[in-house]
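Asks: Sequence below, structure please.
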Amino acid sequence: MKHTETLEQILRRSADILFPDQTRAPNPVTVHSKSSDGDTPLHIAALWGDRHAVRVLLEAGAVIDAKGDMSCTPLYYAVMEGHVQVAEVLFQWGADPDAESELSFSPRSLAAQKADKAMAALFRQY
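Replies: Coordinates of the predicted model:
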């Protein structure tokens, strides 16, 4: 069950996505490991909508506003995929709703474009 995964299990699972060619994977994969485009395990957990993994990674020292692919943050990925609960956890840990990507989009501007009332309500709180 996802909510009982350990940090090691989460890192192993995210490594398969971050480093599909395992010959380029750092050994061991850590909360600070980055793929060639800059994504971290926290980016992957946010993209998956895995609130437990996001919490575990943050507790282990993951960088909340790390810039990944196209300079997107984990919060941007959570908003992009409509993962309100993950976005809420990221906000609780201090994620920047105005961190801009290379294309000058931010999690806030992306949320405004989407018709997700729950996400819009969350952004009004932060």
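Asks: secondary structure element for residue 38?
Replies: In this structure, residue 38 is located outside every helix and strand according to DSSP states H and E.
Asks: ok, now residue 124?
Replies: Element membership for residue 124 (DSSP H and E) is helix 117-125.
Asks: who's in contact with that helix?
Replies: Contacts with helix 117-125, where a contact means Cβ atoms under 8 Å, 6 or more residues apart in numbering, come from 79, 82, 84, 87-88, 91, 97, 107-108, 111-112, 114. All C-beta atoms are positioned from the backbone trio N, CA, C, and that covers glycine.
Asks: Buried ones in the longest helix anywhere in the chain, by neighbour count?
Replies: In the chain, with assignment by DSSP state H, the single longest helix is helix 7-18. For helix 7-18, burial by neighbour count (16 or more other Cβ atoms under 10 Å) applies to 7, 10-11, 13-15, 18.
Asks: What's the mean pLDDT across that helix?
Replies: What helix 7-18 shows for mean pLDDT is 89.
Asks: Which neighbouring elements make contact with that helix?
Replies: Other elements packing on helix 7-18 under the criterion 3 or more Cβ pairs under 8 Å, 6 or more residues apart in numbering; DSSP states H and E are helix 41-48, helix 51-59.
Asks: For the ones you listed, could you give me TSV that also reports distance to residue 29?
Replies: TSV is the format used below for the helices and strands packed on helix 7-18 (distance: least, Cβ to Cβ, whole Å):
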stretch	distance to residue 29
helix 41-48	7
helix 51-59	11
